[in-house]
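**Q** Below is the sequence, then the predicted model.
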Amino acid sequence: MAYQHILFDISNGIGRLTLNRPARLNSFTIAMHLEVRAALARLRADESVRVLVLDAAGRGFCAGHDMADSARPPSREPDDDAGIVDRYFAPPPDADDDAPDGGVDLSVLVRKYYAPLVLALRALPFPVICAVNGVAAGAGANIALACDIVIAGRSASFIQSFCKLGLLPDTGGSHFLPRLVGPARAAGLALMGDKLSAERAESWGLIWKCVEDAALGAEVDALATYFAGAATLGLARTKQALQVSATNTLESQLELECEYMRELGSSADYHEGVAAFVEKRSPQFTGRAGPRARRKPAPTATPATTATPATTAPTAMPATPPGAPRAARKAGSLPPAPPAAAPARPKAAAL
């Protein structure tokens, strides 16, 4: 596929997706959304990929949605998608009958494009690194926060600009902010829309690291290289455990850890890690479950007493059992957390 609004490459286990509309501060259009969606589908289907780097061209990371966009989606999109942007930003005089109080239904664009993008990024079964240069505003800021590791140049900034338009933080902002910086700081950022510097974002725990602008590329490349040689299955299970920890009870989380440790303890990477430690050498991880891992049945539905994880993948990306990492990679989702009650114990995996 030829891309016009992004740059995309897969090499040596590293996927790199670059937002490439620098003249518009990499703000999203429908066409750009569709290209990003196609690139993420390629990443899910490619078993060689072990890490994704999301970055941007030019002087800014992403300014959110391009409010000048009036392009109609390509013909391969369903007919009811046509004109979404026109209705979102330039409603006709008679307005949309489905919108509240004769206004515009702003949920359409968010539900069909931004929400699936966030869920797809969260569900990738390998680490996602976001490199933020310049401003990350509105949806652009929250797309960055949806990634696993965020590294920003010192001149970068994060702005929850929604309140300036009479809106609330979407694209997962109302979910990520209080979990990352606490309710008091989340409220300040969301209600006032002040610019937050990269240095302060690091000190508040909003991002992983702030580095000098000139060092941003090298820092991100070094981390991507590390993840490309790491134990990918273990990192995938770590991602999922962290994502559901806020909504799980302690008992549920302990059971989840037991289930994943059972799976990972029979993986090829675990045995390679132990052998490398004993032999005092660097491990050569493959990122695969290996022949020692055995498939397990999908966990039963979470009981009503256990909170449902907030990171459930969209319908287009069905969940798969922990014992099927290759299938999970192709489907684009991480498996759901097991229920609080201990499931039936499968036969022990051969060591």
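**A** Thanks, I have the structure now.

**Q** wait, residue 268 sits on residue 286?
**A** Yes: with contacts counted by C-beta atoms under 8 Å, residue 268 reaches residue 286, the gap being 6.1 Å. All C-beta atoms are positioned from the backbone trio N, CA, C, and that covers glycine.

**Q** how about the helices in the stretch 201-350 of the chain?
**A** Using DSSP state H, counting those that start in this stretch, the helices of the stretch 201-350 of the chain run over 216-228, 232-244, 250-264, 268-278, 325-331.

**Q** which stretch among those helices comes nearest residue 142?
**A** Set against residue 142 and scored by C-beta to C-beta, these come closest in helix 232-244, at 15.7 Å.

**Q** Please identify the buried residues of the closest one?
**A** Within helix 232-244, the residues scored as buried using 16 or more other C-beta atoms under 10 Å are 232-237, 239-241, 243-244.

**Q** before we move on, what about stretch 38-50?
**A** Buried-residue list, stretch 38-50, by 16+ other C-beta under 10 Å: 39-41, 43-44, 49-50.

**Q** Please state the offset of it from the chain centre?
**A** Using C-alpha atoms, centre = their mean, to the nearest Å, the distance from the centre of stretch 38-50 to the centre of the chain it belongs to is 14 Å.

**Q** cool, stretch 189-201 as well?
**A** 21 Å.

**Q** next one: stretch 172-180
**A** For stretch 172-180, the distance to the chain centre is 13 Å (C-alpha atoms, centre = their mean).

**Q** Could I get the average pLDDT for that stretch?
**A** When pLDDT is averaged along stretch 172-180, the result is 97.

**Q** Which stretches in the stretch 51-200 of the chain count as strands?
**A** Ranges of strands in the stretch 51-200 of the chain, per DSSP state E, counting those that start in this stretch, are 51-56, 128-132, 135-137, 149-153, 157-159, 195-197.

**Q** which one of those strands lies closest to residue 117?
**A** strand 51-56 (10.7 Å).

**Q** which residues are contacting the closest one?
**A** 13-20, 22, 26, 43, 61-62, 121, 124, 126-134, 143-144, 147, 220, 224, 227-228 (C-beta atoms under 8 Å, 6 or more residues apart in numbering).

**Q** I'd like to know which of the buried residues of helix 232-244 is nearest to residue 172.
**A** Nearest to residue 172 among the buried residues of helix 232-244, with distances taken as C-beta to C-beta, is residue 243, at 11.9 Å.

**Q** close enough to count as contact, the closest one and residue 123?
**A** No: with contact defined as C-beta under 8 Å, residue 243 does not reach residue 123; the gap is 9.3 Å.

**Q** does residue 8 really touch residue 41, like I thought?
**A** No: the pair residue 8 / residue 41 is not scored as a contact, 11.1 Å apart, by C-beta under 8 Å.

**Q** Against residue 18, how distant is residue 169?
**A** 25 Å (C-beta to C-beta, to the nearest Å).

**Q** the more surrounded of those two?
**A** More neighbours surround residue 169 than the other of residue 169 and residue 18, with 24 against 18 (other C-beta atoms under 10 Å).

**Q** got the phi/psi numbers for that one?
**A** phi -60, psi 120 (degrees, to the nearest 10).

**Q** so what's it up against?
**A** Contacts of residue 169 (C-beta under 8 Å, 6+ apart): 142, 160, 162, 177, 190.

**Q** Now do it against residue 24, distance only.
**A** 21 Å.

**Q** Same check on residue 15?
**A** 24 Å.

**Q** Residue 1 too?
**A** 21 Å.

**Q** repeat for residue 214
**A** Applying C-beta to C-beta to residue 214 and residue 24 gives a distance of 25 Å.

**Q** Check residue 44 too.
**A** Taking C-beta to C-beta, one finds residue 44 at 28 Å from residue 24.

**Q** cool, residue 46 as well?
**A** Taking C-beta to C-beta, one finds residue 46 at 29 Å from residue 24.

**Q** what do you get for residue 187?
**A** 30 Å.

**Q** can you put the buried residues of helix 232-244 in TSV and add pLDDT?
**A** Listed next are the buried residues of helix 232-244 as TSV, based on pLDDT from 0 to 100:
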residue	pLDDT
232	95
233	95
234	96
235	97
236	95
237	96
239	96
240	95
241	97
243	94
244	95
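
**Q** Which member of those residues is positioned nearest residue 260?
**A** Nearest member of those to residue 260, counting by C-beta to C-beta, is residue 237, at 4.4 Å.
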